[in-house]
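[1] what follows is a predicted structure for the sequence shown.
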Amino acid sequence: MTSLKLPFHHETTGVLNAPVDAAFAHLDDFHKLSAHMERPSGMMAGSKMNIEIDEGGGRAVGSVVRMTGRMLGLQLSLREVVTERTPPRRKAWRTLDTDLVVIGPYELGFELRESGPATALRVFIDYDLPSKGVGRWVGRLFGGTYAKWCTDKMAADAVAQFRAP
């Protein structure tokens, strides 16, 4: 699949106290990687999303992941497709469609690099703002904050998972 040309970018890095294979196995699971979306949060105004994964388990190029939920009375949903999966180094996916209010189409992913006995993690997102409705204005105000929250949560959850004893 070709890469989308998206105007905004954010990334978060961290160090995982785990070998690269163990780190990839953990992050390859969308329920673990996107656990922050399945928990109520301030960023989601106390709401959460439900994650549905196809028979590929989100672990193959072409696998589709769907998230649905409600926030402040609005129905939210998105579908993502895995576009790249190169164990144990990199995985990326992008939206097929979305009706999120704060952020529009995006490409999201992670890269891992061995760093001695640990693994360096980089979580990245390239995104656009919603193109219509109230999302155009809400996205301008909060799109960057949401993108940062998303990559920060993914990285922080992974760091916590592999925190040194």
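    Structure's in. What do you need? Numbering: from 1, shown residues only.
[2] list the strands paired with the longest strand anywhere in the chain, with their directions.
    What stands out as the longest strand in the chain, according to DSSP state E, is strand 74-86. Take DSSP bridges as the rule and strand 74-86 pairs in its sheet with strand 64-71 (antiparallel), strand 90-98 (antiparallel).
[3] please save the CA atoms from that strand in CSV.
    Listed next in CSV are the C-alpha coordinates belonging to strand 74-86 (Å, rounded to 0.1, in the frame of the first residue of the first chain):
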residue,chain,number,x,y,z
LEU,A,74,-21.6,11.3,19.5
GLN,A,75,-21.1,7.9,17.8
LEU,A,76,-17.5,7.4,17.0
SER,A,77,-16.0,4.7,14.8
LEU,A,78,-13.0,3.9,12.7
ARG,A,79,-11.5,1.1,10.6
GLU,A,80,-7.8,0.6,10.3
VAL,A,81,-5.8,-1.7,8.1
VAL,A,82,-2.3,-3.1,8.8
THR,A,83,-0.1,-1.8,6.0
GLU,A,84,3.3,-3.0,7.2
ARG,A,85,4.5,-5.7,9.5
THR,A,86,8.2,-6.6,9.7
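[4] in terms of pLDDT, where does Gly116 sit?
    Note for Gly116: predicted pLDDT of 89.
[5] now for it: which residues touch it?
    If a contact means C-beta atoms under 8 Å, 6 or more residues apart in numbering, then Gly116 has no contacts. Just so you know, the C-beta spots here come from the backbone N, C-alpha and C atoms, and that holds for glycine as well.
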